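In: One predicted model, sequence on top.
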Amino acid sequence: MELGAIFDRHWPRVWRAAYAVCGDRELASDAAQDAFVRAGAALHRFDRSRPIEPWLVRIAVNRAIDLVRARRREVGEDALPEPFSFDPPLPDEELGEALRRLGPDRRAVIALHYWLDYTTPEIAEILGVPLGTVNSRLARALRDLRLELEARNV
Amino acid sequence: MSDDLERRLREAGHRLPGPTDLETRRARTRLLASRRRPRLLPVLAAAAIAACAFGVGYAVASGGTPKTKLIVKPMPARLDAGPGFLPAPDWQTTSSGNRATATSSTGVRIEATFVPASQRPGLPQAILPFRLPGGGNVRHFAVHIGAYAVDVTVTLKGRLTRVEEAVARLELGRLVVPSCPAAQRTTADGASRYVLGWLPTHYAGNASDLAGAHTSTTLGRRMLRYREAVADCGVRVANRSVEVDVTLPRVAKVSASLSQLAYFVARIGGGWTVWERVH
């Protein structure tokens, strides 16, 4: 398949995966573009019998996590909360705020599982981590979200 | 609670936005452009092309038609352009993108980072020159000034003395942050030319990255980041500003994000000024 056709087919979902992690349109576009550029450079080495989307999402999500961390380093203040917000904001503001307090790693697992409907083994492949790590990140993310929401009496 | 949480998470996912048409078009164009590279040309031919590319890209961007004789003269850095430290004896100053540092021979270090003001709302407004806050060996403050949210950390090494504090205070006074410009009505014509001339003295990476740089410009309300411009310097300045998006094809081979630069520029009394490095 031509790169243009791959882009047309997978761009919205890859972009959403990046956006779900970084919560910033500009960073999401950067991360998703990087994914396609890198994929384009390595397309000839890709095993065409395998689905391409998890590969693209993997690059985009990891790039998005890097960009979030880089932006945080740019601000240069460890005590600052994650520079993460949805644009436009989530209608469920309390949930948006609770998500903002998760680190990008845990947010990525939540986003991939609940928003992009990947299974945990697929997430493990996308993030390049063991399945146990995905399960524990997911459990901890849910625990943290629950505690945050309970603290707000929501 | 858990079921409720999972339901809320799934509902939030349904409302996740997608890329806009503009974002999609731009990404597609850049992706395909990055693929149109000659693969079999001899190295010498590629080098020759690279040598010419900056001028041609400049010509295309500024006039739409390549011109045959074109000389790009790097412009000296304007003192009010910033953000960064003015040069001073006994201080080593660096500026890389949105970070500037000044280090004295006695070990005082001042580090400042700059992000668009809209990215860190709620900070107090400040005016230049900055004042050194009280405290111990590490002093920190974050303020809004001009279009930027500025985060400054001053580290005073060794024994804290009045002399050292005075030295740091003086250097802090040399930290320049551009103010919101007194923008005049303008068209986008000439903005690309200005930015391409400005870049060689202000780009944080290697000068060779700029070879073949090409630009696109949008004016006022048509700017992709119009809302950001409004948030940072107000509607009037935003309406009179030009967003210049620069693409660095050589960097695009490594990173799409790093290959894209974006600046807000405005026409002022003495010509053009870059009032914000947006990306």
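Out: All right, it came through fine. Residues are numbered from 1 along each chain as shown, chains lettered A, B, ... in the order given.
In: for chain B, what helix or strand is lowest in average pLDDT?
Out: Within chain B, no helix or strand scores below helix B:43-63, which has a mean of 46 by mean pLDDT, DSSP states H and E.
In: Quick one: name whatever helix or strand follows it.
Out: The helix or strand immediately downstream of helix B:43-63 is strand B:84-85, counting by DSSP states H and E.
In: Check which helices and strands that following strand sits against.
Out: Applying 3 or more CB pairs under 8 Å, 6 or more residues apart in numbering or on different chains; DSSP states H and E, we find strand B:84-85 packed against strand B:91-96, strand B:99-104, strand B:175-176. Glycine gets a C-beta too; all of them are placed from N, C-alpha and C.
In: Switch those strands over to CSV; also include distance to B:S192, mean pLDDT and mean neighbour count.
Out: Output for the helices and strands packed on strand B:84-85, formatted as CSV (distance: least, CB to CB, whole Å; pLDDT from 0 to 100; neighbours: other CB atoms under 10 Å in any protein chain shown):
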stretch, distance to B:S192, mean pLDDT, mean neighbour count
strand B:91-96, 23, 77, 15
strand B:99-104, 26, 84, 20
strand B:175-176, 25, 81, 20
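In: Using TSV, lay out those strands together with distance to chain A.
Out: Below are these laid out as TSV (distance: least, CB to the nearest CB, whole Å):
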stretch	distance to chain A
strand B:91-96	10
strand B:99-104	7
strand B:175-176	15
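In: Kindly indicate whether the residue in the stretch 51-200 of chain B that chain A sits nearest to is helix, strand or coil.
Out: When scored by CB to the nearest CB, the stretch 51-200 of chain B has B:T113 as its residue closest to chain A, at 5.0 Å. With DSSP: H, G, I helix; E, B strand; the rest coil as the basis, B:T113 sits in strand.
In: Just list whatever residues bridge to it.
Out: B:R99, B:D151 (DSSP bridges).
In: wait, isn't it in contact with B:N98?
Out: Yes - the pair B:T113 and B:N98 qualifies as a contact (CB atoms under 8 Å) at a distance of 5.9 Å.
In: Extract the C-alpha set from the helix or strand harbouring B:G197 and format it as CSV.
Out: Using DSSP H and E, B:G197 falls within helix B:191-202. Extracted in CSV, the C-alpha atoms of helix B:191-202 (Å, rounded to 0.1, in the frame of the first residue of the first chain):
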residue,chain,number,x,y,z
ALA,B,191,7.3,38.4,6.4
SER,B,192,8.9,35.3,5.0
ARG,B,193,11.8,37.2,3.7
TYR,B,194,12.3,38.8,7.1
VAL,B,195,12.1,35.5,9.0
LEU,B,196,14.5,33.7,6.6
GLY,B,197,17.0,36.5,7.1
TRP,B,198,16.5,36.5,10.9
LEU,B,199,16.8,32.8,11.3
PRO,B,200,20.6,32.4,10.7
THR,B,201,21.3,34.5,13.8
HIS,B,202,18.6,33.1,16.0
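In: and that helix, average pLDDT?
Out: The predicted model assigns helix B:191-202 a mean pLDDT of 83.
In: next structured bit after that helix?
Out: That would be, after helix B:191-202 and using DSSP H and E, strand B:214-219.
In: Partner strands of that next one, with direction?
Out: With DSSP bridges as the test, strand B:214-219 pairs up with strand B:241-247 (antiparallel).
In: ranges for the helices of chain A?
Out: With DSSP state H as the criterion, chain A has helices at A:3-22, A:25-42, A:53-75, A:93-100, A:104-110, A:120-127, A:131-151.
In: Out of those, the one nearest B:A12 is which?
Out: Nearest to B:A12, of all these, is helix A:93-100, at 5.8 Å by CB to CB.
In: who are the neighbours of that closest one, in terms of helices and strands?
Out: Packed against helix A:93-100, as judged by 3+ CB pairs under 8 Å, 6+ apart, are the following elements: helix A:131-151, helix B:2-14.
In: What residues sit buried inside it?
Out: Neighbour counts using 16 or more other CB atoms under 10 Å in any protein chain shown place A:L95, A:G96, A:E97, A:A98, A:L99, A:R100 of helix A:93-100 among the buried residues.
In: Touching, the second one and A:L90? I think so.
Out: Just to be clear, that refers to A:G96. Yes - at 3.8 Å, A:G96 and A:L90 qualify as touching, with contact defined as CB under 8 Å.
In: sorry, back to before: the helix holding B:G197 packs against which elements?
Out: helix B:43-63, strand B:214-219, strand B:241-247, strand B:260-268, strand B:271-277.
In: And the contacts of stretch B:271-279?
Out: A:26, B:78, B:80-81, B:97-98, B:114, B:116, B:146-148, B:178-181, B:183, B:190-191, B:194-195, B:198, B:202, B:225, B:228-229, B:232-233, B:237, B:241, B:243, B:260-266 (CB atoms under 8 Å, 6 or more residues apart in numbering or on different chains).
In: hmm, 7 Å instead?
Out: Taking contacts as CB atoms under 7 Å, 6 or more residues apart in numbering or on different chains, the residues outside stretch B:271-279 that touch it are A:26, B:81, B:98, B:116, B:147, B:178, B:180-181, B:190-191, B:194-195, B:198, B:225, B:228, B:232-233, B:260-266.
In: and chain A, which residues reach chain B?
Out: Residues of chain A lying near chain B by CB under 7 Å from any CB of the partner chain: A:3-4, A:7, A:11-12, A:15-16, A:19-20, A:26, A:29-30, A:32-34, A:36-37, A:40, A:67, A:74-77, A:83, A:88, A:90-92, A:95, A:110, A:114-115, A:142, A:145-146, A:149.
In: Just the buried ones among those, please.
Out: A:3, A:7, A:11, A:15-16, A:19-20, A:26, A:29-30, A:32-34, A:36-37, A:40, A:67, A:74-76, A:83, A:90, A:92, A:95, A:110, A:114-115, A:142, A:145, A:149.
In: Looking from chain A, tell me which residue of the stretch 151-279 of chain B is nearest.
Out: For the stretch 151-279 of chain B, CB to the nearest CB, closest residue to chain A: B:S257, 3.5 Å.
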